[in-house]
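In: Got a sequence here, can you model it:
(chains A and B)
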Amino acid sequence: MTSRLWQLGFASRFFIAIFLYSGTSFRRFQLTLREVFFSGVMSLIIIMVSGLFVGMVLGLQGYDTLQRYGSAEALGILVALSLVRELGPVVAALLFASRAGSAITAEIGLMKATEQLSAMEMMAVNPIARVVAPRFWGGVISMPLLAALFSAMGIFGGYLVGVVLIGVDEGSFWSQMQATVDFREDIVNGIIKSFVFGVIVSWVAVFEGYDAEPTAEGVSGATTRTVVTSSLAILAADFVLTALMFRGV
Amino acid sequence: MNQEPLVQIRDLNFSYDNRKILSGINLTIPRGKVVAIMGSSGCGKTTLLRLIGGQLKPSSGEVKVNGQIVDQLDSAGLYAMRRRMGMLFQFGALFTDMSVFDNVAFQMREHTDLPEDLIHDLVMMKLHAVGLRGAQNLMPSELSGGMARRVALARSISLDPMLVMYDEPFAGLDPISLSVIGVLIRKLNDALGASSIVVTHDVQESLKIVDYVYFVSAGKIVAEGTADEIRQSKIPYVHQFVWGEADGPVPFHYPSMPYGDEMMQAVN
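Out: Next up, the predicted model:
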């Protein structure tokens, strides 16, 4: 218990240190852009394909339920709200933690194990500024963009199943979605959620990498912890954010 | 030229938790010299380098580099001091996501505002000095152990440091690479007018190139002298180490119960 508390304290100080040493990430923005490429662009395929299938499943399940009440035209609303409010940010963040978070942890952990971080320190270059902060901000920037793409692909998947395959009226599908989805209430809240999840995943990933035992077993354990910890933290944070954003709506 | 030794260590003690690693270390690294710190694995040699580089703080005693007490420097002072130091890690510690050229250019780009064409020329000079100008576009994964060590050497001297520290520079190298690295350490030290500390347990190769040797055993300095003095030393530990004898003050057997007792225990 004491060691857990100690580690939480260390992680919190590490989080503050990332902000203190973030100057380089913005002054030399190409360092951060490179990480946006590795975390964000390289995650595009898994995010877009998953988004498409989740949207298609929503289309099937949603139609099956709605048509019992004669409300099949509301399929567009169901698909869009489910994705924009919940599934987009949450599932994209879970996938991001598995795909990019684990890669960030493994990379930093291996840099530590092979003394690359020590070498950097001995060259008077702060590894938190040069290695950790760009990866953190790369993840934070990528996450909302990936969640938006996930939702867009999901809505397209819902359209394919609902309109093209089952034959729901196309006008109803889009117009009801347009009339009901609120920019401030739904889309902005979804973006806020995905931003928070981006901070959580990136923080956990860089911390676990930096704190990893510099051995093969240590890096492997740190990578697993990144996926488990960030997934649980995403789901817990989602409940808190949903309670704050949508209560009474 | 400043005659004060570049590195002075006085009454240095260092412990990890309650485990004593170094005790009562006194040593001096004069300017322009190559000094070896020898001893068997785990005797505290690398820890000593980390204390000189300010990566660890002593439990007591003093490490002075270029007149500055290392553990009293704030982080800006420490980083300013490290800009004048180079360090070659045991397996090179090259940045695996950068080419050979970018590894050597790393410090120049981080610490100077030099234009890219001048950095190119400087990197070529450093790579030429270690014989790897033709390998500039290779990635670290494409290098042999000896080549990686030479690239790391070029990187460690990229800003013409006053002090270069080598952590086991000969470990795992074939005889040709080993000899090349040895010659390079000596030549680069003399060409740069720097001082070098070579932490190693490769006796024969290092005795060819160093000016002075300190022997560390169980965290203490047990002998010191020039290469010839060390070769002729009658101190049992040094003699065993230099001539590679299997048994001596460093026993062949790990401490255990008497052999006969162990056998009888198995029978019973």
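In: what's next to the helix or strand where residue B:260 lies, contact-wise?
Out: Per DSSP states H and E: residue B:260 is located in helix B:259-267. Contacts of helix B:259-267 with the rest of the structure, by CB atoms under 8 Å, 6 or more residues apart in numbering or on different chains, involve residue B:256. The C-beta positions use only the backbone N, C-alpha and C, and glycine is treated the same way.
In: Just the CA coordinates for it, please, in CSV.
Out: Output of helix B:259-267 as CSV, limited to C-alpha atoms (Å, rounded to 0.1, in the frame of the first residue of the first chain):
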residue,chain,number,x,y,z
TYR,B,259,32.0,-29.8,0.3
GLY,B,260,32.1,-32.9,2.5
ASP,B,261,29.2,-31.7,4.6
GLU,B,262,27.1,-30.9,1.6
MET,B,263,27.7,-34.5,0.2
MET,B,264,26.8,-36.1,3.5
GLN,B,265,23.7,-34.0,3.8
ALA,B,266,22.6,-35.3,0.4
VAL,B,267,23.3,-38.9,1.4
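In: Tell me where the stretch 51-200 of chain B has helices.
Out: B:75-82, B:100-111, B:116-129, B:145-156, B:175-192 (DSSP state H, counting those that start in this stretch).
In: Low-confidence ranges, chain A, go.
Out: For chain A, the stretches flagged by pLDDT under 70 are A:248-249.
In: which parts of it sit against chain B?
Out: Chain A comes close to chain B at residues A:110-111, A:114-116, A:118-119, A:121-126, A:130, as judged by CB under 8 Å from any CB of the partner chain.
In: of all those residues, which two lie farthest apart?
Out: Pairwise distances across these (CB to CB) peak at 22.4 Å, for the pair A:110 and A:124.
In: and residue B:223, what is it in contact with?
Out: Contacts of residue B:223 by CB under 8 Å, 6+ apart are B:213-215, B:230, B:233, B:235, B:237-238.
In: which of these count as buried?
Out: B:213-215, B:230, B:233, B:235, B:237-238 (16 or more other CB atoms under 10 Å in any protein chain shown).
In: any idea which of those is the one closest to chain A?
Out: Ranked by distance to chain A (CB to the nearest CB), the buried ones among the contacts of residue B:223 are led by residue B:214 at 21.2 Å.
In: is it true that that closest one lies in a helix?
Out: No. Using DSSP: H, G, I helix; E, B strand; the rest coil, the assignment for residue B:214 is strand, not a helix.
In: what's near enough to touch it?
Out: Contacts of residue B:214 (CB under 8 Å, 6+ apart): B:27, B:35-38, B:221, B:223-224.
In: Most neighbours of all those residues, which one?
Out: Ranked by the number of neighbours (other CB atoms under 10 Å in any protein chain shown), those place residue B:37 first, at 31 neighbours.
In: The longest helix anywhere in chain A - contacts with which helices or strands?
Out: For chain A, the longest helix by residue count, based on DSSP state H, is helix A:216-246. Helix A:216-246 makes packing contacts with helix A:88-96, helix A:102-113, helix A:189-211 when contacts are defined by 3 or more CB pairs under 8 Å, 6 or more residues apart in numbering or on different chains; DSSP states H and E.
In: quick one, which of these is packed in tightest?
Out: helix A:88-96 (a mean of 26; mean count of other CB atoms under 10 Å in any protein chain shown).
In: interface residues of the stretch 1-150 of chain B facing chain A?
Out: B:53, B:55, B:79-80, B:82-83, B:85, B:87, B:89-91, B:93-96, B:106-107, B:110-111.
In: Any quick ChimeraX command for the buried ones out of these?
Out: Buried residues among these (16+ other CB under 10 Å), as a ChimeraX selection:
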select /B:53,55,79,82,83,85,87,89,90,91,93,94,95,106,107,110
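In: List the residues that contact residue B:98.
Out: Contacts of residue B:98 (CB under 8 Å, 6+ apart): B:106, B:139-140.
In: Using CSV, lay out the residues you listed together with distance to residue A:185 and pLDDT.
Out: As requested, those are exported to CSV (distance: CB to CB, whole Å; pLDDT from 0 to 100):
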residue, distance to residue A:185, pLDDT
B:106, 49, 94
B:139, 50, 96
B:140, 51, 94
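In: Report the outermost residue of the chain with respect to its centre.
Out: Defaulting to chain A. The centre of chain A is farthest from one residue, residue A:70, which by CA atoms, centre = their mean lies 35.7 Å away.
In: Give me the spatial nearest neighbour of the spatially most central residue of chain A, chain neighbours excluded.
Out: Central residue of chain A (CA atoms, centre = their mean): residue A:93, 2.6 Å from the mean position. Once flanking residues are discounted, residue A:93 sits nearest to residue A:197: 3.6 Å by CB to CB, 6 or more residues apart in numbering or on different chains.
In: Residue A:204 versus the one you found, what's the distance?
Out: 11 Å (CB to CB, to the nearest Å).
In: do residue B:35 as well
Out: Distance from residue B:35 to residue A:204, by CB to CB: 45 Å.
In: Show me which pair in the contacts of residue B:214 is furthest apart.
Out: Comparing all pairs in the contacts of residue B:214 by CB to CB, the longest separation belongs to B:35 and B:223, at 13.6 Å.
In: who touches both of the two?
Out: Joint contacts of residue B:35 and residue B:223 (CB under 8 Å, 6+ apart) are B:213-214.
In: Now do the buried residues in the helix or strand where residue A:134 lies.
Out: Here residue A:134 sits within helix A:133-159, counting by DSSP H and E. Residues of helix A:133-159 classed as buried under the neighbour-count rule (16+ other CB under 10 Å) are A:133-155, A:157-159.
In: again with stretch A:50-60
Out: Buried residues in stretch A:50-60 (16+ other CB under 10 Å): A:50-52, A:54-56, A:58-60.
In: Residue 227: how many residues sit nearby?
Out: Just so you know, I chose chain A. Using other CB under 10 Å, residue A:227 is surrounded by 20 other residues.
In: wrong chain, I was asking about chain B
Out: Residue B:227: 17 neighbours (other CB under 10 Å).
In: Contact partners for it?
Out: Counting by CB under 8 Å, 6+ apart, residue B:227 has contacts B:207-208, B:210-211, B:213.
In: mind redoing it with 7 Å?
Out: B:207, B:210, B:213 (CB atoms under 7 Å, 6 or more residues apart in numbering or on different chains).
In: got it, and residue B:184?
Out: B:130, B:150, B:153.
In: of the residues you listed, closest to chain A?
Out: The closest of these, once distances to chain A are taken by CB to the nearest CB, is residue B:153, at 12.6 Å.
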